[in-house]
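**Q** With the input below, show me the fold.
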Amino acid sequence: MPVSYEQTPLVGKVTLTCELTAKTGLHIGGGGENLDIGGLDKPVIRDPLTKYPYLPGSSIKGKLRATLERLLKKPLNRTGGSGTWRYESDDLVDGFTEIEGHYYPIRYEGARTCQISRLFGSTGGSNFWIPIESARNEGLIFDEIHTRIIENQNCVKINRGRNAPSRLIIRDCHLSPDSTEKLKKVDTGLYMTEWKFENGIDRVTAAANPRQVERVPAGSQFNFELVYTVENPDPNEAVEDLQNIAIALAFLEDDALGGHGSRGYGKVKFENFKFNYRSLEQYRQMANAPQGTSALQTLDTIPHTQALLDNFRALREYIEQRLLPGNES
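**A** Numbering: from 1, shown residues only. Predicted coordinates:
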């Protein structure tokens, strides 16, 4: 397969910050603890330096991705191990995933246009099929002996697909200063967290199986930040991606973050959204900017996810004004 030396274009960065509040106790496990008699069965993850609980960006990003895969009705075409399946774009262009034991390959959308892979990235697949004309246009190496008609298209088998980088960064969420001070005063026998005692009952023998889960208490507030890389000067693409993020955040409020969501854990709320945009030209001008000035272009604060969805037109106009030619300042 030929190597491409072209850099992915960079247009700018959109930064979204808001407050993430735990409305019920929240558990994201840290593991690695010793199981002492009478000790915790499931501790939360903590910062190794401060020992404060925090929310890993990877956990939030994974939840948002799984949510959008369902909302966009993406097929499950890649095994995730332990009997689980997920969606991936096998290559940059459209094709068909070959799954062992299935006669009909599963159609996937190429990472260049797929709304999931564009946001979260994708790892190229192996032994998949794409139309032979697409393979030729992309300069892919293939053996014309391995061809097959799939959905009325003459397709060729590709041994290894190309990766697509993620455009979305989600930072680890750390406690706000106010919540930090409040949680330090919590008297539960645990540092800044609470015990949740549970009892699993065997439905046959009625035997009890007690356990102790550590949770971040309800009311704890975290600083949430994500960064979206704009790679296409067409504002419609960025608008579509950011709208999908907004929908996923609203959906997450009605779902759960972390473990044991069906038992009432992990209800969260996002509030006071702030959007900032910095173009590539503004990055270049930063060195010459007067001290104390900022190249960030700021949209008015949006109070909650419902307002974000109701007034998405304002965000669309904000993005369009800054991505269209002549609106760099």
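
**Q** got the residue ranges for the helices in the stretch 201-329 of the chain?
**A** Ranges of helices in the stretch 201-329 of the chain, per DSSP state H, counting those that start in this stretch, are 235-253, 280-285, 305-310, 312-323.

**Q** do the same with the stretch 1-150 of the chain
**A** Using DSSP H, counting those that start in this stretch, helices in the stretch 1-150 of the chain cover 57-71, 115-120, 132-137.

**Q** Please report the distance of Ile106 from Trp85.
**A** Applying C-beta to C-beta, to the nearest Å, the value for Ile106 to Trp85 is 10 Å. In this view, the C-beta of every residue, glycine as well, is placed from N, C-alpha and C.

**Q** Which residues are in contact with each of these two?
**A** Residues touching both Ile106 and Trp85 (C-beta atoms under 8 Å, 6 or more residues apart in numbering) are Asn77.

**Q** Between the two, which has more neighbouring residues?
**A** Counted by other C-beta atoms under 10 Å, Ile106 and Trp85 do not tie: Ile106 has more neighbours, with 17 against 12.

**Q** and stretch 152-172, how far apart are its ends?
**A** The straight-line separation of the ends of stretch 152-172 (C-alpha to C-alpha, to the nearest Å) is 46 Å.

**Q** Leaving out chain neighbours, which residue sits closest to the residue positioned nearest the centre of the chain?
**A** For the chain, the residue nearest the mean C-alpha position is Lys61 (2.6 Å; C-alpha atoms, centre = their mean). The shortest distance from Lys61 to any non-neighbouring residue, by C-beta to C-beta, 6 or more residues apart in numbering, is to Ile170 (4.4 Å).

**Q** I'd like to know how far Val14 sits from Asn209.
**A** 47 Å.

**Q** These two: who's more crowded?
**A** Val14 (26 against 9).

**Q** Give me the pLDDT for that one.
**A** Val14 is assigned 93 on the pLDDT scale.

**Q** Ok, Gln291 next?
**A** 64.

**Q** what's the answer for Arg313, then?
**A** 82.

**Q** burial count for it?
**A** 9.

**Q** Can you give me the distance of it to Gln243?
**A** Computed as C-beta to C-beta, the Arg313 to Gln243 distance reads 11 Å.

**Q** and if you look at Gln153?
**A** 31 Å.

**Q** cool, and Pro105?
**A** 31 Å.

**Q** Give me the more crowded residue out of the two.
**A** Set side by side, Pro105 and Gln243 show more neighbours around Pro105, with 20 against 16, by other C-beta under 10 Å.

**Q** Leaving out the residues flanking it, which one is nearest to that one?
**A** That would be Phe96: by C-beta to C-beta, 6+ apart, it lies 3.6 Å from Pro105.
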